[in-house]
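Undergrad: structure of the sequence below:
(one chain, ligands or ions: 1)
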Amino acid sequence: MKFFLVAVSLLLSVFSFAQTPDEVLRSIFSDALTDRSAEENLRYLCKETKGRLPGSEAAARAVEYTARALREAGADTVWLQEVRVPRWERGRESGKAISSVLGELKLNVGALGLSVGTGTDGITAGIVEVNSFEELEKIGREGLEGRIVFYNRPVDNTLLNSFAGYSGAVNQRISGASEAAAYGAAAVIVRSPTHAEHDYFHTGVVRYYEGDHGIPAVVISPVSADQLSDWLDRDPDLSVEIISDCRNLPDTFSYNVIGEIRGSELPDEYITVGGHLDSWDITEGAHDDAGGCVQSIEMIRLLRNNSVRPRRSVRAVMFMNEEMTSTGGKVYALEAEKNGEKHYAALESDRGVTSPVGFTFSATGERLAALKELEQFFRPYNIYYFERGGGGSDIAPLGALGTMQIGYIPDTQRYFWYHHSANDTFEQVNLREMQLGSAAITSLIYLVDLFDL
Ligand SMILES: [Zn+2]
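TA: Modelled structure (predicted):
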């Protein structure tokens, strides 16, 4: 009986070696589409660690949970990597327009991350609506000093690439405060960079220029932005009151969470797959980016569970503090450099976890041509986009060391309905779509490693 079992297991191992790449992909996809541990991991991160701002207790719980999940997924080694992070806390916040003609209008506003606060008394001032920094220049200091600048340029809905639409509007959020402060403005209100026409505000980071102490910066929901603009047309002399009692605190420490499967043939070469564990304070951060973390954990589980022994060492990394100052990615690359690790490739999933479309690669020439040929393996799964492009902000520091960057590309048309808002919940993720992504990522890493791409 014992002999028989040994013979069977030998036969099975020979059989698994004899599996074609197509068969390996089939088994990875079938596993991803039927196993439920990813759903539980996503549920936990969304519901039990909501608002995972770096340095928060929620973030600490997420670190602890994902370390455990990586062990359960089958990682050989799991460890934490210390990361210095900024601390910022939202306070009481509100906004309203006050017009002697029209009355009062409640505005749905929220502080931008790392913004200075207004204090508990808030700021009440006249308001100037603009669509660009050039308009500020035209209006000049006389028209702007002591007033609140209202940036109301919407995302361009005609752009098919939703990220291009976002990029076209987000400079108002990132640099608008410092641009307006240069003309003596008292505060800024920024239209949320989203394609959605709803009443959620979409926060994100504000970056003050060097030497600028900063003026308070808030975002406003699209619905409130349209109402405010309409009221301004009818009463240009109205004033707005903003209360945003947020504050910056001294830096603290948090962690990247890393799980590794040691390579069978080239253990000193590494392939990293990651997402970021932190989220904005007002959201479950399901698509951004609990889903990307869950997919990275799934990669470990799917390789293990389908007996794919990677030739190179493969790591799943939950990066900390992508949203505010991206120190997690920097620490990871610094450590890699210090330890003399050769990082062969790195993939980031941080564009939401809707259905997979394909991958982008930083490679050029023959390497890119060979990577594009992988498309044939993914045709049965309707994954077709294999093009040159970037990876993501957490793996970019590795890119500076020469590591090939891979971006995971899902269908992003809905992404900015959720991004950085309270609307980014567990319920907005379709498990099947997320898991098609987990399988696609795992399959791609398997093939890149197998064929030395
Ligand atoms: Zn993100």
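Undergrad: what is the neighbour count of residue 120?
TA: Residues contacting residue 120 under the criterion other CB atoms under 10 Å number 10. (C-beta placed from N, C-alpha, C; glycine too.)
Undergrad: and it, that one's in a strand?
TA: Yes: Residue 120: assigned to a strand according to DSSP: H, G, I helix; E, B strand; the rest coil.
Undergrad: and it, what does it touch?
TA: For residue 120, the contact set (CB atoms under 8 Å, 6 or more residues apart in numbering) comprises 91, 92, 243, 245.
Undergrad: closest one of those residues to the ion?
TA: Closest to the ion out of these is residue 91 (23.9 Å), distances taken as CB to the ion.
Undergrad: now the closest one, nearest residue through space, not along the chain?
TA: Of all residues not flanking residue 91 in the chain, residue 245 sits nearest, at 2.9 Å (CB to CB, 6 or more residues apart in numbering).
Undergrad: around the ion, which positions in the stretch 201-350 of the chain sit nearby?
TA: Neighbours of the ion within the stretch 201-350 of the chain, by CB under 5 Å from the ion: 288, 289, 350.
Undergrad: still on that earlier bit, so which of the contacts of residue 120 is the closest to residue 357?
TA: Of all the contacts of residue 120, residue 357 sits closest to residue 91, with 40.0 Å by CB to CB.
Undergrad: which strand or helix spans that closest one?
TA: In this structure, residue 91 is located outside every helix and strand according to DSSP states H and E.
Undergrad: look up how far residue 254 lies from it.
TA: Residue 91 sits 22 Å away from residue 254, going by CB to CB, to the nearest Å.
Undergrad: of these two, give the one with the bigger neighbour count.
TA: Remark: of residue 91 and residue 254, residue 254 carries more neighbours, 27 against 14, as counted by other CB under 10 Å.
Undergrad: let me see the contact set for the more buried one.
TA: By CB under 8 Å, 6+ apart, residue 254 lies in contact with 54, 55, 59, 60, 63, 82, 83, 85, 278, 320, 321.
Undergrad: of the residues you listed, buried ones?
TA: 54, 55, 59, 63, 83, 85, 278, 320, 321 (16 or more other CB atoms under 10 Å).
Undergrad: which residues in the stretch 1-150 of the chain form helices?
TA: For the stretch 1-150 of the chain, applying DSSP state H, counting those that start in this stretch gives helices covering 2-18, 21-32, 37-48, 57-73, 133-144.
Undergrad: and the closest residue to the ion within the stretch 101-250 of the chain, how many neighbours?
TA: As assessed by CB to the ion, the ion sits closest to residue 204 within the stretch 101-250 of the chain, at 9.8 Å. Neighbour count for residue 204, taken as other CB under 10 Å: 21.
Undergrad: same question for residue 247.
TA: Residue 247, neighbours per other CB under 10 Å, totals 15.
Undergrad: what would the helices of the stretch 1-150 of the chain look like in CSV with distance to the ion and mean pLDDT?
TA: Compiled in CSV, the helices of the stretch 1-150 of the chain are given as follows (distance: least, CB to the ion, whole Å; pLDDT from 0 to 100):
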stretch, distance to the ion, mean pLDDT
helix 2-18, 36, 49
helix 21-32, 22, 98
helix 37-48, 13, 98
helix 57-73, 14, 98
helix 133-144, 25, 98
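Undergrad: so who does the residue nearest to residue 153 when sequence neighbours are not counted touch?
TA: Among residues not flanking residue 153 along the chain, residue 131 sits closest, at 4.2 Å (CB to CB, 6+ apart). Applying CB under 8 Å, 6+ apart to residue 131 gives the contacts 151, 152, 153.
Undergrad: next: residue 108.
TA: Residue 108 makes contact with 95, 199, 200, 201, 220, 221, 223, 224 under the criterion CB under 8 Å, 6+ apart.
Undergrad: in helices only, show me those.
TA: 223, 224 (DSSP state H).
Undergrad: now do the longest strand seen in the chain: distance to the chain's middle.
TA: Scanning the chain for the longest strand, with DSSP state E as the assignment, gives strand 247-261. Strand 247-261 sits 16 Å away from the centroid of its parent chain (CA atoms, centre = their mean, to the nearest Å).
Undergrad: now that strand: buried residues?
TA: With burial defined by 16+ other CB under 10 Å, the residues of strand 247-261 counted as buried are 254, 255, 256, 257, 258, 259, 260, 261.
Undergrad: pretty sure the second one contacts residue 82?
TA: The reference is to residue 255. Yes: in this structure, residue 255 is within contact of residue 82 by CB atoms under 8 Å, at 6.0 Å.
Undergrad: how many neighbouring residues does residue 213 have?
TA: 7.
Undergrad: check the residue lying closest to it once chain neighbours are set aside and give its pLDDT.
TA: Closest residue to residue 213 apart from its sequence neighbours, by CB to CB, 6+ apart: residue 116 at 7.3 Å. For residue 116, the pLDDT comes out at 98.
Undergrad: beta partners for residue 271?
TA: Applying DSSP bridges to residue 271 gives these bridge partners: residue 314, residue 345.
Undergrad: residues contacting it?
TA: 310, 312-315, 343-347, 445, 448-449.
Undergrad: any chance of those in TSV, plus pLDDT?
TA: Putting those into TSV (pLDDT from 0 to 100) gives the following:
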residue	pLDDT
310	98
312	98
313	98
314	98
315	98
343	98
344	98
345	98
346	98
347	98
445	98
448	98
449	98
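Undergrad: from the residues you listed, which would you call buried?
TA: Here, 16+ other CB under 10 Å leaves 310, 312-315, 343-347, 445, 448-449 buried among the contacts of residue 271.
Undergrad: which among those gets closest to the ion?
TA: Nearest to the ion among the buried ones among the contacts of residue 271: residue 347, at 14.5 Å, using CB to the ion.
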